[in-house]
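curious how this folds, go ahead:
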Amino acid sequence: LFVISRMSAFTYKNKPTKVRDISREMGVQYVLDGSVRKTDEQLRVAVALIDATNDRQLWAEQYDRPFTNIFAVQDEIVQRIVTTLNLQLTLWEQGMLVRKQTNSLEAYDYALRGVELSFRAAYEAKKDLNAQARRMFEKAIELDPQYAGAYAGLGKVHYQDWFYVWSPHPAQSLEEAFQTYKTAVTFDDSLPIAHAILGEVYLWKKHHDQARVEAERAVTLAPSDADSLMYLGSILIFAGEPNRAIGLIEQAMRLNPRHPPAYLVSLAIAYRVMGRCEEALVPLQRAAALAPHFLQTRANLAMCYAELDRIPEAQAEVAELGRINPNFSLAWVTQRVPFKDPAIIERMVAAFRKAGLK
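Below you'll find the predicted structure:
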C-alpha cells in the first residue's frame, strides 16, 4: 500500500484545492477528505473516500464518538478504507496502519507540540526551541510513562543538544539520546522511527554495523515510511555505499513529496562523497532556500564550493556557519564526523581549510 506522508498531505489543510489537483501533485489515485468537530465530551468525524481519477465518491461516513475514544475511531476508518479498496493486505499490515502509541490524548498533544518544536530547533538553529521541545516530551512521558513515541522525540532533543553543541556536556547528551531511544524501543519494538534514529545515534558513535541493523529494522517494519528510508540512506552514505543511498533517498522523496530539507542535504552528501559536487549543489541550494539557517546545508555548500574552486562563495558559507553556530570548527569535523573511510574525512578537512574554516 503506497501512502503519501501525512506531512505532505497536511500542506492542503484548510486550503480550497480540487481533488484532481491533489491527485496530480501527489501522484495518488485516492484522496481521503474529512473534518473533525469537537465539543466538551463528543467527537464528530466526517470522512469521504474519493477516486481522484474520476472525482467519484466511493464512500462517506460520519462517526460520533466519546472524545476519549479517538483511536478506536481511527482504526474503524482505516478498516473501512481497506475494505472499500479491496486491498490485499496481511493482518500485520492492517495492524500497522494506525498506531495507538498512547491512550492519553493530552500526552499525544504534548508529543505533537514537541515534534514541531524539535524540527524548528534544527532548521532555525535555535537552542531555546530545543529546550521547549524537551519540556513537551517530558510532560507527555509524565502523563504516560510508557509512551514510546514521546521517548523517541526526547531522544531527538538530546541528540540535537549534542550535534549542535547546545549542551555544556555534549558527550552526556549523546549518551542520553542513546539510552532514551533504547527505552523507546523497549516499550515498543515495532516503532520504526525509534529504530531509525537509534541507528543514527549508533552512526555518530561510529558503530556502523549496529547503525545499519537498526535502520534496516525500521524499513522492515514500515517499507513505505519515508523517514525510515531516508535514515537508512544517510547511514549507508557514511558506511561507504553512496550509490545505494541515492536510490533510497529518492524513494523517500517520492513517498514524501513535501520532504523536509534534510532529505535534500542527505542526497547532496551522497553526490559530494562520490565527487559529484556540481550535482550536489542543486539539492543544497534548494535546501538553503527552504531553511537558510540549517547547519548541514551551509557546511556542505562550503565544501562543494571549495572543491569546485569557487572560493569566495565557499568563504561566504563559512562565515554564515559562524553566525549560525559559533561552535562549528575543524575540530568538530575531525572528532565527530563518522565516515567509515578516513580518506573522506581528510577530503572534508581539506575543503573546509580551503574555505577558511578554523
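
buried residues in the helix or strand harbouring Arg353?
Element membership for Arg353, per DSSP states H and E: helix 342-355. Neighbour counts using 16 or more other CB atoms under 10 Å place 344-345, 347-349, 351-352, 354-355 of helix 342-355 among the buried residues. Placement of C-beta: from N, CA and C, glycine included.

then stretch 298-308?
Applying 16+ other CB under 10 Å to stretch 298-308 flags 298-307 as buried.

distance between it and the chain's centre?
The chain centroid and the centroid of stretch 298-308 are separated by 24 Å under CA atoms, centre = their mean, to the nearest Å.

how about stretch 259-279?
Worked out by CA atoms, centre = their mean, stretch 259-279 lies 16 Å from the chain centre.

can I see the domain layout of this structure?
Domains of the chain are assigned by automatic domain parsing as 6-95, 105-355.

least reliable of the ones you listed going by mean pLDDT?
Lowest mean pLDDT within the domains of the chain: domain 6-95, at a mean of 70.

hmm, His293 is touching Ala122, no?
No: His293 lies out of contact with Ala122 (CB atoms under 8 Å); the separation is 9.4 Å.

for the stretch 1-150 of the chain, what spans make up the helices?
For the stretch 1-150 of the chain, the helices defined by DSSP state H, counting those that start in this stretch occupy 6-9, 19-26, 70-85, 91-95, 105-124, 127-143, 148-163.

the fifth one - contacts with which helices or strands?
In this case it means helix 105-124. Applying 3 or more CB pairs under 8 Å, 6 or more residues apart in numbering; DSSP states H and E, one finds that helix 105-124 makes contact with helix 127-143, helix 148-163.

please name every helix or strand in contact with the last one.
Applying 3+ CB pairs under 8 Å, 6+ apart, one finds that helix 148-163 makes contact with helix 105-124, helix 127-143, helix 170-187, helix 192-204.

what's the closest of the helices of the stretch 1-150 of the chain to Val318?
Closest of the helices of the stretch 1-150 of the chain to Val318 is helix 148-163, at 18.5 Å (criterion: CB to CB).

next up, the contacts around the residue positioned nearest the centre of the chain.
Geometric centre of the chain, nearest residue: Asp227, 4.8 Å, by CA atoms, centre = their mean. Counting by CB atoms under 8 Å, 6 or more residues apart in numbering, Asp227 touches 192-193, 196, 252, 256.

gap between it and Glu313?
From Asp227 across to Glu313, the span is 31 Å (CB to CB, to the nearest Å).

try Gln172
37 Å.

of the two, who's got more company?
Comparing Gln172 with Glu313 by other CB atoms under 10 Å, the one with more neighbours is Glu313, at 16 against 13.

tell me the contacts of that one?
Neighbour list for Glu313: 301, 305 [criterion: CB under 8 Å, 6+ apart].

now it: phi and psi?
The phi and psi values for Glu313, taken as degrees, to the nearest 10, are phi -70, psi -40.

repeat for the one 10 residues further on
Reported as degrees, to the nearest 10, the phi and psi values for Arg323 are phi -70, psi -40.

and the one 4 residues further on, by the same measure?
Torsion angles at Asn327 (phi, psi; degrees, to the nearest 10) stand at phi -80, psi -10.

what sits against it?
Taking CB under 8 Å, 6+ apart, one finds 164-165 in contact with Asn327.

mean neighbour count, the domains of the chain: which tops it?
Mean neighbour count (mean count of other CB atoms under 10 Å) peaks for domain 105-355 among the domains of the chain, with a mean of 20.

next one: that domain to chain centre, how far?
Counting by CA atoms, centre = their mean, domain 105-355 comes out at 9 Å from the chain centroid.

so what would you say the end-to-end distance of that domain is?
End-to-end distance of domain 105-355 (CA to CA, to the nearest Å): 50 Å.

partners of Tyr30 in the sheet?
Note on Tyr30: beta-bridge partners by DSSP bridges are Asp51.
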